[in-house]
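Asker: My questions concern the predicted model and sequence given below.
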Amino acid sequence: MDTVNPLLVSSASGLKMDVNGGEMSKNPTLICAPIMADSIDKMVTLMAKAKASTADLVEIRLDSLNNFNPFEDLNVLIKQCPLPTLFTYRPVWEGGQYGGDEKKRLDVLRLAMELGADYIDVELKVAHEFIKSIGGKKPEKFQVIVSSHNYQSTPSVEELGNLVVKIQSTGADIVKIATTAIDITDVARIFQITVHSQVPIIGLVMGERGLISRILCTKFGGYLTFGTLEAGVVSAPGQPTINDLLNLYNFRQLGPDTKVYGIIGKPVGHSKSPVLYNEAFKSAGFNGVFVHLLVDDLEMFLRTYSSTDFAGFSCTIPHKETAVKCCDEVDPVAKSIGAVNCIIRRQSDGKLFGYNTDYIGAISAIEDGLQARYNMSSAAGSPLAGKLFVVIGAGGAGKALAYGAKQKGARVVIANRTYERARELANVIGGDALSLDDLARFHPEDGMILANTTSIGMQPNIDQTPMPKDALKHYSLVFDAVYTPKITRLLREAEETGATIVSGLEMFIGQAYEQFERFTGLPAPKEQFRRTMSKY
Ligand code: NAP
């Protein structure tokens, strides 16, 4: 894999010139709705939906149709479409569904042009001949997109550059390159190509690891992105919905100067952080976007996306501990916990600073729960002082909870699947360790506090619990760091046995307050965070 020059992965030169040499608007990137259906009637219905969704154009996938009568059907599709049309008739040899005669296929695309299509997409392999064949007959506003699809990987920057030159040499009006992300850092190479392109270019990277290519093309000079009308009904792997582009990522407001933030994790798709921060960025008028970042290798990710455009990250499973080593400086609390969940890139020199905001929200929500249960006033000091506090898990969240509880004067016991990790953490903070097997039998006293910090019970495994219901009767308060679902099986059963319960949502909101302030320098919109999260 080639090294990416971090300076190049910057959007500073991201504005393109239009044909007259004038500067285009901040974000001219179009949203294209792929239309796939087996009948013309269904396609017409979908086109109306695309218009209602405020897409800018539709891509009509002729290869998804059954019983296609070119002249009649193209006429209907073009006349009835309320949006500009892009026709694609993708052959099997380029990943589409059309398996018939090549000449007939290209005749259909020529016919679409003659009948008033705005764009057609033609594959690189046949583009030269095709464009020659329409020479002189091209309507003025009509444009040919010449596309290349790589379903295996994303080539090197040099190879991609050569590909662009090859596509341009066919006479393409717009260059389209779609590749596949094996790793999220593959997308950086596509950004390098699109941001420096002097011709209109579509550069998209397929798959979950390529998602940012479909959102940040606004920042890095992409001509268009695809947004689906319905979740999961995609014409290529990894396409987001138009609704998410517009309402989750604020697509229309993004531009070359937008700062990029994100949640780094694996898995990460379940995280609600993008909803929370993007809504807050929007209402604060802050020029940032917060994305899901499915990262396999944290060090490589941070090295690749090292420009100050990538301004801050939240960090979750399984990277919080590695993050300590990847930062240039780590806050003393995060250092003692041994886990970083918030990384800030200093804008003056690009240096990375690591923090831990995990424990604050969780510990204060647990204190609130205990105060309410025992009718205590906050003036009486922490209700955790002297309590037996059992933490299940010794990862990032486990360390944070154990550290926070110890700080408040609790006696801490760590139980973990890997006993050695429990032992190690117990030694560091000054507590005891248990194996998970011994946990259910551990009840030296009643009124203990239990905090699950493993992912047991998290969606989709919502029937799982780290503790048999019967053993919960010894606990007065049970906290679960898992927040999808809000009420886990552990919390439901704890409530049934009479314990006070505290959801991971409280921890989530608490840590988010502090991260927002570090990301933006603005006060966190606490009430808005609560309202946003109450929808889940
Ligand atoms: P982490 O650093 O990877 O640690 C995971 C911990 O869970 C380890 O102790 C691991 O045990 C244990 N574990 C994982 N799968 C297990 C299984 N099947 N059975 C038993 N133990 C298992 O992860 P983390 O960042 O601490 O996050 C842990 C959980 O907390 C996640 O569900 C995350 O979503 C949640 N969380 C929530 C918030 C919030 O704001 N609510 C914040 C942070 C984290 P081993 O040591 O044996 O591997």
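Answerer: Good, I have the coordinates. Residues are numbered from 1 along each chain as shown.
Asker: contacts, neighbours, all on C-alpha from now
Answerer: OK.
Asker: Dihedrals phi and psi, the residue of the stretch 101-250 of the chain found nearest the ligand?
Answerer: At 18.8 Å from the ligand, E208 is the closest residue in the stretch 101-250 of the chain, using CA to the nearest ligand atom. Phi and psi for E208, reported as degrees, to the nearest 10, are phi -60, psi -40.
Asker: Does the residue lying closest to it once chain neighbours are set aside belong to a helix, a strand or coil?
Answerer: Excluding the flanking residues, the one nearest E208 by CA to CA, 6 or more residues apart in numbering is G238, at 5.1 Å. Following DSSP: H, G, I helix; E, B strand; the rest coil, the label given to G238 is coil.
Asker: G238: neighbour count?
Answerer: Using other CA atoms under 10 Å, G238 has 22 other residues around it.
Asker: Isn't it up against I212?
Answerer: No - between G238 and I212 there is no contact, the gap being 9.7 Å when judged by CA atoms under 8 Å.
Asker: my read: K486 touches M507, true?
Answerer: No - using CA under 8 Å, K486 makes no contact with M507, being 11.4 Å away.
Asker: Which of those two has more residues huddled nearby?
Answerer: A direct count of neighbours by other CA under 10 Å for K486 and M507 places M507 higher, at 25 against 19.
Asker: So that one versus D480, what's the distance?
Answerer: As for M507, its distance to D480 is 9 Å (criterion: CA to CA, to the nearest Å).
Asker: shared neighbours of the two, which are they?
Answerer: Common neighbours of M507 and D480 are not found (criterion: CA atoms under 8 Å, 6 or more residues apart in numbering).
Asker: so where do the strands sit in the stretch 401-536 of the chain?
Answerer: 411-416, 432-435, 448-452, 475-480, 500-502 (DSSP state E, counting those that start in this stretch).
Asker: Out of those strands, flag the one nearest T258.
Answerer: strand 475-480 (35.2 Å; CA to CA).
Asker: tell me what that closest one is packed against?
Answerer: Under the contact criterion of 3 or more CA pairs under 8 Å, 6 or more residues apart in numbering; DSSP states H and E, strand 475-480 touches helix 358-374, strand 448-452, helix 489-496, strand 500-502.
Asker: G338 contacts A397, doesn't it?
Answerer: No - using CA under 8 Å as the test, G338 is too far from A397 to be in contact (10.1 Å).
Asker: who has more neighbours, the two?
Answerer: Each of G338 and A397 has its neighbours counted (other CA under 10 Å); A397 has more, 28 against 22.
Asker: check which helix or strand covers that one.
Answerer: Secondary structure assigned from DSSP states H and E places A397 in helix 396-407.
Asker: Mind listing what's buried along that helix?
Answerer: Buried residues in helix 396-407, counted by 16 or more other CA atoms under 10 Å: 396-406.
Asker: Of those residues, which ones also sit close to the ligand?
Answerer: Of the residues in the buried residues of helix 396-407, proximity to the ligand by CA under 6 Å from any ligand atom holds for 396-398.
Asker: need these in a markdown table with distance to S197 and pLDDT, can you?
Answerer: Shown next, in a markdown table, are these (distance: CA to CA, whole Å; pLDDT from 0 to 100):
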| residue | distance to S197 | pLDDT |
| --- | --- | --- |
| G396 | 42 | 86 |
| A397 | 44 | 90 |
| G398 | 47 | 94 |
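Asker: export the residues you listed to TSV and tack on distance to A323?
Answerer: Output for these, formatted as TSV (distance: CA to CA, whole Å):
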residue	distance to A323
G396	10
A397	13
G398	16
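Asker: which regions of the stretch 401-536 of the chain sit below the pLDDT cut-off?
Answerer: Along the stretch 401-536 of the chain, no part satisfies pLDDT under 70.
Asker: interface residues of it facing the ligand?
Answerer: Going by CA under 6 Å from any ligand atom, the residues of the stretch 401-536 of the chain near the ligand are 416-418, 421, 453-456, 481-483, 504-505, 507-508.
Asker: So which of these belong to helices?
Answerer: Among these, DSSP state H puts 421, 504-505, 507-508 in helices.
Asker: And the buried ones among these, selectable in PyMOL?
Answerer: Command for PyMOL, covering only those of these found buried under the criterion 16+ other CA under 10 Å:
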select buried, resi 421+504+505+507+508
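Asker: still on that earlier bit, of all the strands of the stretch 401-536 of the chain, which one is nearest N243?
Answerer: Closest of the strands of the stretch 401-536 of the chain to N243 is strand 475-480, at 31.3 Å (criterion: CA to CA).
Asker: Sheet partners, orientation included, of the closest one?
Answerer: Here strand 475-480 is paired, per DSSP bridges, with strand 448-452 (parallel), strand 500-502 (parallel).
Asker: roughly how far is the longest one from the heart of the chain?
Answerer: Mean-position distance between strand 448-452 and its chain equals 31 Å (CA atoms, centre = their mean, to the nearest Å).
Asker: quick check: angle from that strand to strand 411-416?
Answerer: Interaxial angle of strand 448-452 relative to strand 411-416 (axes from the mean of the first three to the mean of the last three CA atoms, to 10 degrees): 40 degrees.
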